[in-house]
Structures are given as C-alpha cells and as structure tokens.
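Participant: For reference, the sequence and a predicted model appear below.
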Amino acid sequence: MLPIVGVALLVAYVAGLWRLRRSGMPWSWGRTAAFLAGVLVLLLVTGPAVEGYGLEMFSVFMFQQLTLMMAVPPLLILGRPGTLLLRATPHGGMGGGVLRAAIWGLRAGPGAAALHPLVTIPVFLFTYYGLYLSPAGGALLGSWAGHISLEVLFLVAGVLFTVPVLSRDPVPRRHPHELQVGEMFIEMATHAFFGVIVIMTASPLVAAFTHPPRDWGVDIMGDQAVAGALAWSYGELPALVLLLIVFARWQRADTLTARAADVKADRDGDAQLQAYNAYLAQLRDHDA
C-alpha cells in the first residue's frame, strides 16, 4: 500500500513541477531532490524486499518505523509540497476547488488542530510506549491489515510532528524556536528511554514476532535487543540533524532581527533608545 502512495506522491509532485516550469515560475532543485529522496526511501523501506521481513522480525519492523517517522517526513517536508500545490494548481475549474480545499487544510480547519502539541506529542508517544508496552501492538501486528495500518500511522505521526518544526509551507501552526527545541529533546528522550526498555526486557514484547520461519535462524530475544538498539541509536541521528537545523534557523532569525533593528536605529537616530534613556533620566530626577 505505501509504495503505491509513494508513487502517487511522486507523480503528483512531478506533475506540479512540470506545470510550474511551463508557466516560467522558478523552483529550487534542492527542494525537488529532497522530496524525491523522501519518496525513494519510502519505496525502499516498505517495498517487498523489506516488508516481508518486517512482518516476522521485530528489528526490521523497528527499522521501518524509525525510517517512516524520522527520515521520510523531513525529506518530504523539505520539498515544500504545500507551496508547490498552491503555485501549480490552476485557479479555474476543478483547480479552484482544489485550491480552496488546500488553503483551508493548510492554513486553518483540521490542520491547526492536528499540528497542536497536545495532539502531536501524545500520538508520537503512543507509537512507542502505548503500542509496544500494551496489548495494542500484539493485536494490531497479528494481521496484515493491522501491520499496514501501523505503518500509515507512523508516517502520519512523523509528518505531524515534523511540520511545525521544519516546514516552510503556509501551515496554520509554526512553533517558536524555543518550543521546537523542546519538542526535539522530547523526541530524542523518547527514543533513548524506549530503546533501553526494549533492550532490558527479558521476555518478548510482541507476540507477532515470536514465530519467524525456522530456516531464518532468528534468535527472538537477540532480535528484540537489536530493535531496542536501533531505537536508541538510529532514532537519535535524524533527530539530531533536525535539532541542528532548528538551531541554525534560530540563529539566522536572530541575526536578521538584530540587523533590522540596526537599520531602524540608523534611520530614526535610535529614537527608542533615546526615549528609554529620557525615561530613566526622568525617574532619576524624580527620586532626587
């Protein structure tokens, strides 16, 4: 299912890019490369060569989950698909309806609620602690439909968590840099603690991964320990990269703000500072 979704996303993005180029509007090749890389990773991690092992081995499924939540969403978001959709969709006919729906979804309506930290953080925590430390994981992973549903949930949860932190699209909610840093630290701590729990657990966490084919020679507990190690290590790397991007953007924003303040001060003779100094002088004279 997800490879089909990936192909559909690829076709839609290329179609929008083709229409944008025909109209003479510029578009960054870096954005295109990021989005195509995200689709490629999505196809690889959910394709038959990996998916078959993910149905039977905890470590492979954990690798899929971490990739769908931590690697694919940032690449797709860096491609700025929302901006491309708004620029490439025609304003007349059916395009007008698509644009109205897109603007409603991107700027208000359900988007604002879905991107709220009270939604994104609990959903993110559920995909680890709520799923594997409760009967939910065994119930869902015991069937193919449940397995696919969880993969979709991982991708959606990753997108919802990453959009307020990384997106430059016209989204309804963009968190301040302080909150972005806090969210990234929560995410990194989530992976680390969950990985330690999985490694130290002395019994299988998910019944669906306790009966791999015998000719694979899988050590169930060893495989579970690998899954925990992946959550602890592989899950931290994309989060660290995102954290560095947040810090870089924060520094750039502060630099631009300071530069704008200097230009304003040069233009008006730093009237705000002079007014503040006059206020302090008035207080001093009053006290005297």
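Facilitator: Happy to help now that I have it.

Participant: show me the contacts for the spatially most central residue of the chain.
Facilitator: By CA atoms, centre = their mean, the mean C-alpha position of the chain lies nearest to residue 162, the distance being 2.5 Å. Residue 162 is in contact with 73-74, 77, 242, counting by CB atoms under 8 Å, 6 or more residues apart in numbering. Using the backbone N, CA and C atoms, a C-beta is placed for each residue, glycine as well.

Participant: make it 7 Å
Facilitator: 73-74, 77 (CB atoms under 7 Å, 6 or more residues apart in numbering).

Participant: For the residues you listed, pick the one with the most neighbours.
Facilitator: Each of the contacts of residue 162 was scored for neighbours by other CB atoms under 10 Å, and residue 73 scores highest at 27 neighbours.

Participant: Now name the helix or strand holding that residue.
Facilitator: Taking DSSP states H and E as the definition, one finds residue 73 inside helix 72-78.

Participant: Could you name the helices and strands sitting against that helix?
Facilitator: Applying 3 or more CB pairs under 7 Å, 6 or more residues apart in numbering; DSSP states H and E, we find helix 72-78 packed against helix 29-46, helix 144-166.

Participant: Flag whichever of those helices has the least confidence on average.
Facilitator: The minimum mean pLDDT among these belongs to helix 144-166 (a mean of 89).

Participant: what angle separates the helix or strand that comes right after the helix holding residue 73 from helix 29-46?
Facilitator: Downstream of helix 72-78, the first helix or strand assigned by DSSP H and E is helix 81-88. Helix 81-88 and helix 29-46 meet at an angle of 130 degrees, taking axes from the mean of the first three to the mean of the last three CA atoms, to 10 degrees as the criterion.

Participant: now residue 247: how far from residue 165?
Facilitator: 12 Å (CB to CB, to the nearest Å).

Participant: Looking at the two, which is more packed in?
Facilitator: Using other CB under 10 Å as the criterion, residue 247 and residue 165 rank with residue 165 on top: 24 against 14.

Participant: and the closest residue to the more buried one other than its chain neighbours, backbone torsions?
Facilitator: Leaving aside its sequence neighbours, residue 165 sits nearest to residue 180 (CB to CB, 6 or more residues apart in numbering; 4.8 Å). With angles defined as degrees, to the nearest 10, residue 180 sits at phi -60, psi -40.
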